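# build me a model from this:
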Amino acid sequence: MRGILSLAALVLVLTGCAGAPASAPSAVASASPLITPAETASPGTPSLSTPSVAPTPGVRTITIELAKGKVSPNGSRVDLAKGEPFVLDITSDRDDEVHVHGFDKEIEVKAGKRVQVEMTADRTGRYEVESHHPELLIVVLQIR
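Numbers count the residues shown, from 1 in each chain. As a prediction, this is how the structure comes out:
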């Protein structure tokens with residue numbers, strides 16, 4: 001499994017942020033433990049480019065943590081149905097940007113601040129979510 005993750009990281013480095021859906025098949029297991037019903041958001045944690053939102057109750061949340069040069073989840077796949085709303089709940093110990101490929105969504109994250117972004121899986125395909133500083137694969141959104 002580490003070999004697959006290393007290969008995925010190498011592909012990211014070689015291709016950069018092209019914004020296209022990932023086409024390579026993934027053997028990574030589903031990340032359902034990372035998805036939980038949305039809770040009430042803590043107030044007042046906006047980012048510079050994308051304001052935090054209070055997630056709609058019952059919307060699935062993908063929790064992302066950037067800490068000590070590592071990411072969690074680390075390349076896991078999250079299965080979503082087309083049209084399904086979801087929330088990216090991001091915290092980081094450093095200033096960073098999170099890019100959602102295929103959605104052309106750049107999310108600025110400030111050190112020590114929580115950012116919650118509600119999105120809709122409005123297209124089918126496999127889309128990578130990655131950090132930029134350093135470039136690391138966070139999660140793969142598989143939308144059907």
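
# shouldn't Glu97 be within a strand?
Yes - assessed with DSSP: H, G, I helix; E, B strand; the rest coil, Glu97 lies in a strand.

# and the nearest residue to Gly69 once chain neighbours are set aside, how many residues sit next to it?
Excluding the flanking residues, the one nearest Gly69 by Cβ to Cβ, 6 or more residues apart in numbering is Pro134, at 6.4 Å. Quick note: C-beta positions are derived from backbone N, CA and C, even for glycine. Counted by other Cβ atoms under 10 Å, the residues lying close to Pro134 total 13.

# could I get the phi/psi values of Pro134?
Per-residue torsions, Pro134: phi -90, psi 170 (degrees, to the nearest 10).

# what's the answer for the one 3 residues further on, then?
Note on Leu137: its backbone torsions stand at phi -70, psi 130 [degrees, to the nearest 10].

# Pro73 is in contact with that one, correct?
No - the criterion here is Cβ atoms under 8 Å, and Leu137 misses it with Pro73 at 9.4 Å.

# who is Ile64 paired with across the strands?
Ile90 (DSSP bridges).

# number of nearby residues for it?
Ile64 has 22 nearby residues by other Cβ under 10 Å.

# so how far is Leu136 from it?
For Ile64, the distance to Leu136 equals 11 Å [Cβ to Cβ, to the nearest Å].

# what do these two both touch?
Common neighbours of Ile64 and Leu136, using Cβ atoms under 8 Å, 6 or more residues apart in numbering, are Val71.
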